[in-house]
Each structure stands twice: as C-alpha cells, then as structure tokens.
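Student: Structure, please.
(chains A, B, C and D)
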There are 2 protein chains.
Amino acid sequence: MTAARTVRGRGAGRPTLEEVAARAGVGRGTVSRVINGSPRVSDRTRAAVEAAVAELGYVPNRAARALAANRTDAIALVVPETETRFFAEPYFSEVVRGVGQALAETEMQLLLTLVGSDRERRRLAQYLTGHRVDGVLLVGVHADDPLPELLEQLDMPVVISGPRSEDEPLASVDSDNFAGARAAVAHLVARGRRSIATITGPLDVYGARRRLDGYRAALAEAGLPAAPHLISPADFTEEGGRGAMADLLGRAPEVDAVFAASDVMASGARQVLRERGRRVPEDVSLVGFDDSAIARHMEPPLTSVRQPIEEMGRAMTELLLAQIAAGEPSRPRLVLPTELVVRSST
Amino acid sequence: MTAARTVRGRGAGRPTLEEVAARAGVGRGTVSRVINGSPRVSDRTRAAVEAAVAELGYVPNRAARALAANRTDAIALVVPETETRFFAEPYFSEVVRGVGQALAETEMQLLLTLVGSDRERRRLAQYLTGHRVDGVLLVGVHADDPLPELLEQLDMPVVISGPRSEDEPLASVDSDNFAGARAAVAHLVARGRRSIATITGPLDVYGARRRLDGYRAALAEAGLPAAPHLISPADFTEEGGRGAMADLLGRAPEVDAVFAASDVMASGARQVLRERGRRVPEDVSLVGFDDSAIARHMEPPLTSVRQPIEEMGRAMTELLLAQIAAGEPSRPRLVLPTELVVRSST
DNA sequence: ATCACGACTGGGAGCGCTCCCACCCCGGGG
DNA sequence: CCCCGGGGTGGGAGCGCTCCCAGTCGTGAT
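Tutor: Below is the predicted model of the structure:
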C-alpha cells in the first residue's frame, strides 16, 4: 500500500497511453493503433507494445476515450418501474441475463435506468439527449409512452421489446404471442375441451391482442365458435384474473377450459375455480402464459406458454450492437418462437 | 469547424460550457461554478447563466467531466450470475429497485455488471482497477469469492449485501436472519408444535448459519431440545429441500413442524410431505424464508419470513454514496429487521 | 540511379470539462 | 490618501485519449 497512491487519491498512478508508448519506445498513435486492433502496425511493433501494456498493466481510460472519440461504449437498459409486468419476476432478471450474455464478448457497459415518475422520465430524456449512451434497450413500454417517440427523434439506436403495434417503427424483438396462444388453445382442443374461454390482457397492449388473435385462430381451426361471452379482458394481475374468471363462470357456466394470457391471471382464475368447487383439470383445464415460477409451483402445476425471455434479451442486444456498429438505425423486427410446457393443469 | 461537426455525426451540435459562457457573457469558470452549485457566484451572474443554460438546453458532457475531475459519477452493481439465489426472484429485481430509488435523487449512474465465468471475473477486476466507477455494490458473494478481497485492496468504496462472516471487514447491509428465524420458530412453538425440525441452507454461508442460530435460540427459549436429528442441511434449492425433508421424515417421523431456511426449500419439503400423506398444516406446520412469490402461491399459502430487500438495496446505496462523499471507506454494518408473514401453512 | 508509392510511424490538435491561479474591484482600516 | 483583504471572475493548463496529417522508410518500376 503505497503512501503516494493514497495521497494522490483514487485513480492516480494508473499508467497512461503516453507511458506505454515511452516504455515500448514508440509514439502514442502507434500504441493507440495496437490497442484498437488497427492492422496498420508491424508485427514487431505490435509485440513490443503488447509487452509494455502487459508489464505496466495498462487499462485504457474510458472517459478519455469517450471524450475523444465521441462515443461512450455503453448502452442503457431502460425499465419503466411502474410497469410491474416487466419489472416483475421473471422478466426482468432473465432479460438482464440475456443482455449480459450478449455484452460479455464486447467492451460495452450496461447502464440500468429505472424510470418511475414523470420527473425521472424527463431526466432520462435529458440524459439521452446528452448522448451519454450509444444506444438504448427499451423494455415494457406502454402504448402511450412518449419515450419511443423521443428516441426516434434523436435518431439514436433503439431496440424495443414487444412492438407497440403492428407497424412499430422501431427495431423490435418479440416472442410469438400469436403462435403461443394458438398452440395453447389447440392443446386444449386436443384434450377434448369444447367450451374454451380466455382471459386476455389489456387490449391496448399489442402482445395481449396477438394472444387473443391466436386464441381465435385455434378455435377457428378446430371449427369451434369464439363466442364473445367466452372472452373476458383483464389487466395481467392476479386480482384481474379472479374477476375475469368469476365473470366467465357467471356468463358461461359450461366452460370446460380457460386460456389465461398470463400465469398471474391464471393463478387468480385458479383461486376462483377452487372457491366455486371446480376441479382443475377434471372440470376445467387451465393454461397460462409466461411459464414463470408461479406456474411451476401452482397446485396443480400449470401448463403454460414459455417465452424465450433470456434469448430475447440477447437478441435485442445483438440488434442494438449491430445498429451502433452500422452507425445508422435500422428497423428489423424479430419474432422468437414460444413453447408450450404441458403440466398437470390440462 | 461547422462541417467537421456535421461529419462527426451524432452527438455533434450539443452546446458546450464555452457556448453557454459566451451566451451568458461570462467566463467558463463561472458557468462551471453555477452548474456545480458553488456559492461563490453573485446572484445576478447565476441567474444569467441559468437562463443561458435553459435557452441552449445545455447538458454537461459526462465524459469530459469524468476525465477532468477524475471521478465517474457511476457505481457498479456486481451480481455473480452463478449465484442463482441472489440472481433469482425476488432478490434481484427488488434490490435493483431499492438501488434505483436511492440513486434517483443523485446524478449517479448505475452500472450493472454480471460476472459469470472466471474470465469475466478477471475482466471485472481489471475494470475496477481502471477506476471506471466510484464505488461498488456487491450482492450475493460466496464465502470463497476473491472479489471482496480485491476490492478491499484497491481501497475502493464497497458495500456488500450479506456479510460473509461475523467479522466482515467490508461495509455491509443484512437482514436480521437470526431474529427472523427465531420469530418463525417461536411462532411454531406458539402454535403448539413440539417436534420442530429445520432445513438449513449451506452452513458455509453466514446468513444460513444465523438462521440456524435463530432456530436454536427459539427452541432454547421454549425449553425444547434442538436435537441434531431434527436439523437437516440443504443447499437452498427445491431438490435440496425435498431431500432434506425425506431425510427428516426418516430420522424423525414424529416431526410436527418444519422451518425451512428458504421458500424454495419449503416448496420442495411440501412436495415430499404431500407424497407421504402428511397434511399441511394439520399434521405438519411449515414455515419458509424470503416471502417470495412462491410462498404466496403455494398450496396452502406459506407462512414465511419477509426480508426488506428493497430497503436493503436502498440502504446499501446510501452507505456507498456516503463512503464516496467522505472520500474514504468506512465500515458500518447495518442489520434490517425481518417480519413474519403468517399464512395458512401454520 | 531515380522516382513514385505504399507501409508504418510520430505527434499536434483537439474533445469539454474541472482546477486553480491570477486578477479586478470595492470597502474599511491605517 | 494608500494599502489590504475578500468576494467574484476569467481563462490557462491540463485530464488521457482518438484522429489525422505529415513524415520516414523501404520497395519495385523506370
């Protein structure tokens, strides 16, 4: 523990490019070229520089690099804290994990930005305007959130998880909500169910609409009617699921299967079914969506549609990095497959 | 120069300190003083500068500031990805939320760093050595993790969640595992249970040891024996909980209550109890720890010890910010209270 | 031998801030 | 009336990098 170090404070004493250059007997420019992998350096020189770097334990100063090169080597993951659906288990941790994986190979840093209040939202806007990140990953935005518009104006690279509509202008990665819902309902049909109801998410959410579309498609394919009284919209919450289930039971007592557009809502529905003496799966089959921990621990364990969330995080990041590398926003739209996980609730 | 600006693409055109100064008719130093809230500025000047800042929409360039001031205004949240216990629900999202809250009032950024492989761990070490953050929040480290040692050597501000031992040298924030466990077991005693077993976590984890201590204390206070055959160690996993429960049932068939040191293990135990025809809570009372989503959705809902995780995240951050502000590492040790959430499993 | 032309290389000129020293100006004491 | 001391202020000197423009060499062609 050197006294000098302590006195000079944190960050002092780290070798600089200049020192590496001196040590290697070359110029600053050459060291920079080696560090950044430029091909226009002779092998001999490169070796010398690399040796000096190793001996000195040189680590480039990020701030200096950012200032000089006008880039930050950082991306932001923006999470609206109010949107509990995305912040809640398991979305958040899995997305982060996927993002982390994609970033592991790069020099990029991940900035985590939670936006709660409107004040924080404004601050974020200012933030991004200040170009403190090279790109933005946006998860769980509401249809009426002004953030995407703002980002589009700034023309900063952005990837959004879950397009807000059929013609989302931003690059996006989504799971195949339509196919997932269709598979879930087809599975119920295969189990011999005939009065298949659905509890939907808020229909101003694109993904929720897609799940409803999938439900309808599967019924149509099976030649079953998609009677309006078998469709009950809720809000992705447990309480909403309870309400919707009670509703369905009142309107359609003959119901023998329910496709809930989220596990949490399925859990609410399950409670009501139990209260009303309907057995699962004997009387009513139940399918959820998300394949969360809740599904695995429900009684009986819940059949559910798994979304490849981690992979979505990875894909979003790769798309974003590609945009940043290309230097211009592109607008690809990726849809990842879902998978039906069958458990004993059906 | 104008052309050059355009060529530089994104990030060009943002007003600089210099431009604000010109606009306000003052010098750079003065603007800097206003921005940083120095008191040595006359009111008239301050007003003029603030007006110019507003008109130009000036946002300080973080990289330049970091370079000049040798600080980054960023802290890192380091999460070992392998430690599933902390990365898993609900820890991770809640900690992050708490951290976010504490940071909302400040200008600090949050860097999220997942360390999986040893290679990534080395990279992180280099990272921190490069002083790219002002401080580190370390969650879910194992007893044998070299990271804390490293950070201590760098004498960089650090706060750790969950001390690794009774004499943790680093600043730490923890929940009161001892009191939580004691309360849980006391509650079982109050319910009239007499053969109270426990499924512990890995005993090289300090928190797991503390929970076991709490279990013992409660039994001692109730004048009940803490027979060794009522203690079965596991590893915080569901499978571990299953094994430990099977074990207990073999060794102590008279068991009428189980305190599991995590909800996940309680869930495993619950499955075994069901398989063996033991009813919960009639035959065996069951208590978990964490009060996670699993607890709420178990059948019957699980009585569990709630930890104030979000608050822990907040406290950790506040401790860290204080350390950074003080310019020197301090070593406070904070223990936050737990709360027993009683449900129908007891 | 001369010339042109790549392949490499050195280092000046910033990037936008903070730090800090010098300076200005004004009131009060000698 | 001069000097001193502070509050207030301007701006030079970097912080450690990247960019890019001049070189400096060899080399093959002429």
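Student: So what pairs up with A:L110 in the strands?
Tutor: A:I75 (DSSP bridges).
Student: tell me the contacts of it?
Tutor: A:74-77, A:99-100, A:103, B:111-113 (CB atoms under 8 Å, 6 or more residues apart in numbering or on different chains). Where you see a C-beta, it was placed from the backbone N, CA and C, and this is true even at glycine.
Student: what do you get for A:E168?
Tutor: Shown in contact with A:E168 (CB under 8 Å, 6+ apart): A:160, A:206, A:333.
Student: for A:P15, same thing?
Tutor: Neighbouring residues of A:P15 by CB under 8 Å, 6+ apart: A:56-58.
Student: Same list, these, but as CSV with pLDDT please.
Tutor: CSV is the format used below for the contacts of A:P15 (pLDDT from 0 to 100):
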residue, pLDDT
A:L56, 93
A:G57, 91
A:Y58, 93
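Student: Would you mind checking the residues you listed for buried ones?
Tutor: For the contacts of A:P15, a burial check counting by 16 or more other CB atoms under 10 Å in any protein chain shown picks out A:56, A:58.
Student: In stretch A:65-80, which of the residues would be classed as buried?
Tutor: So, applying 16+ other CB under 10 Å, buried residues of stretch A:65-80: A:65-67, A:71-80.
Student: Show me how far it is from its chain's centre.
Tutor: 19 Å (CA atoms, centre = their mean, to the nearest Å).
Student: Over to stretch A:40-54?
Tutor: How far stretch A:40-54 lies from its chain's middle: 41 Å, per CA atoms, centre = their mean.
Student: what is the mean pLDDT for it?
Tutor: The predicted model gives stretch A:40-54 an average pLDDT of 93.
Student: anything in that stretch sitting right up against DNA strand C?
Tutor: Yes. Against DNA strand C, stretch A:40-54 shows contacts by CB under 7 Å from any atom of the strand at A:40-42, A:44-46.
Student: So which elements touch the helix or strand containing A:A325?
Tutor: Assessed by DSSP states H and E, A:A325 sits inside helix A:309-326. Counting contacts by 3 or more CB pairs under 8 Å, 6 or more residues apart in numbering or on different chains; DSSP states H and E, helix A:309-326 packs against strand A:74-80, helix A:91-104, strand A:135-139, strand A:158-161, strand A:171-175, strand A:333-336.
Student: Who are the contact partners of whatever residue of chain A ends up closest to DNA strand C?
Tutor: Using CB to the nearest atom of the strand, A:G29 is the residue of chain A that sits closest to DNA strand C, at 2.0 Å. Residues in contact with A:G29 (CB under 8 Å, 6+ apart): none are found.
Student: Please report how far it lies from A:A64.
Tutor: 15 Å (CB to CB, to the nearest Å).
Student: Check A:D256 too.
Tutor: Per CB to CB, A:D256 is found 67 Å from A:A64.
Student: swap in A:L138?
Tutor: A:L138 sits 29 Å away from A:A64, taking CB to CB as the criterion.
Student: Looking at these two, which is more packed in?
Tutor: A:L138 (25 against 15; other CB atoms under 10 Å in any protein chain shown).
Student: pLDDT wise, what is the more buried one at?
Tutor: The score at A:L138 is 93. That number is its pLDDT.
Student: Bridged to it, which residues?
Tutor: Beta-bridge partners of A:L138, as defined by DSSP bridges: A:V78, A:I160.
Student: Surely it touches A:E149?
Tutor: No. Here A:L138 does not reach A:E149: they are 11.4 Å apart, not a contact under CB atoms under 8 Å.
Student: Can you identify each of the strands in chain A by residue range?
Tutor: A:74-80, A:109-115, A:135-139, A:158-161, A:171-175, A:196-200, A:231-233, A:257-260, A:285-290, A:303-306, A:333-336, A:339-341 (DSSP state E).
Student: looking at the ones you listed, which is buried most?
Tutor: For the strands of chain A, the largest average neighbour count (mean count of other CB atoms under 10 Å in any protein chain shown) is found in strand A:257-260, namely a mean of 31.
Student: Just checking: what are the partner strands of that one?
Tutor: Counting by DSSP bridges, strand A:257-260 is paired with strand A:196-200 (parallel), strand A:285-290 (parallel).
Student: Now render those as TSV, adding mean pLDDT and distance to A:A252.
Tutor: Shown next, in TSV, are the strands paired with strand A:257-260 (pLDDT from 0 to 100; distance: least, CB to CB, whole Å):
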stretch	mean pLDDT	distance to A:A252
strand A:196-200	97	6
strand A:285-290	96	14
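Student: out of these, nearest to DNA strand D?
Tutor: Using CB to the nearest atom of the strand, the strands paired with strand A:257-260 put strand A:285-290 closest to DNA strand D, at 42.9 Å.
Student: Just give me how far that closest one sits from the chain centre.
Tutor: Averaging C-alpha positions (CA atoms, centre = their mean) puts strand A:285-290 21 Å from its chain's average.
Student: what about the helices in the stretch 151-300 of chain A?
Tutor: A:177-190, A:206-221, A:238-251, A:263-275, A:293-297 (DSSP state H, counting those that start in this stretch).
Student: just so I know, which of the ones you listed lies nearest DNA strand D?
Tutor: Distance to DNA strand D, taken as CB to the nearest atom of the strand, is lowest for helix A:206-221 among the helices of the stretch 151-300 of chain A, at 38.7 Å.
Student: Just the buried positions in the closest one, please.
Tutor: So helix A:206-221, judged by 16+ other CB under 10 Å, has buried residues A:206-212, A:214-219.
Student: related to what we said a few turns ago, in the helix holding A:A325, what counts as buried?
Tutor: Buried-residue list, helix A:309-326, by 16+ other CB under 10 Å: A:309-321, A:323-324.
Student: Output the below-cut-off pLDDT ranges for chain A.
Tutor: Residues of chain A meeting the criterion pLDDT under 70: A:1-13, A:83-89.
Student: how many neighbours does A:G223 have?
Tutor: 7.
Student: got TSV for the contacts of A:E168, with distance to B:G223 too?
Tutor: Below are the contacts of A:E168 laid out as TSV (distance: CB to CB, whole Å):
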residue	distance to B:G223
A:I160	61
A:Y206	62
A:R333	68
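Student: just curious, which of these is nearest to A:A52?
Tutor: A:I160 (44.2 Å; CB to CB).
Student: I'd say that closest one and A:E152 touch.
Tutor: No. Taking contacts as CB under 8 Å, A:I160 lies outside contact range of A:E152: 10.2 Å.
Student: Could you tell me which residues touch both of these two?
Tutor: With contacts taken as CB under 8 Å, 6+ apart, A:I160 and A:E152 have A:L170 as neighbours in common.
Student: Name the nearest residue to A:P80, sequence neighbours excluded.
Tutor: Nearest residue to A:P80, sequence neighbours excluded (CB to CB, 6 or more residues apart in numbering or on different chains): A:V115, at 5.3 Å.
Student: A:V95: what's it in contact with?
Tutor: Contact analysis of A:V95 by CB under 8 Å, 6+ apart lists A:77, A:86, A:139, A:161, A:309-310, A:312-313, A:316.
Student: And it, how close does it get to chain B?
Tutor: Separation of A:V95 from chain B (CB to the nearest CB, to the nearest Å) stands at 11 Å.
Student: Give me the neighbour count for the nearest residue to A:R216 once chain neighbours are set aside.
Tutor: Nearest residue to A:R216, sequence neighbours excluded (CB to CB, 6+ apart): A:A226, at 4.8 Å. By other CB under 10 Å, 17 other residues sit near A:A226.
Student: Counting neighbours, what do you get for the nearest residue to A:R28 once chain neighbours are set aside?
Tutor: Among residues not flanking A:R28 along the chain, A:A21 sits closest, at 4.9 Å (CB to CB, 6+ apart). By the measure other CB under 10 Å, the count of residues near A:A21 is 19.
Student: Could you do A:R122 as well?
Tutor: Residues contacting A:R122 under the criterion other CB under 10 Å number 11.
Student: Also A:G327?
Tutor: Neighbour tally, A:G327, other CB under 10 Å: 9.
Student: Equivalent analysis for A:Q101, please.
Tutor: Using other CB under 10 Å: A:Q101 sits among 18 other residues.
Student: That's all I had, so thanks and see you.
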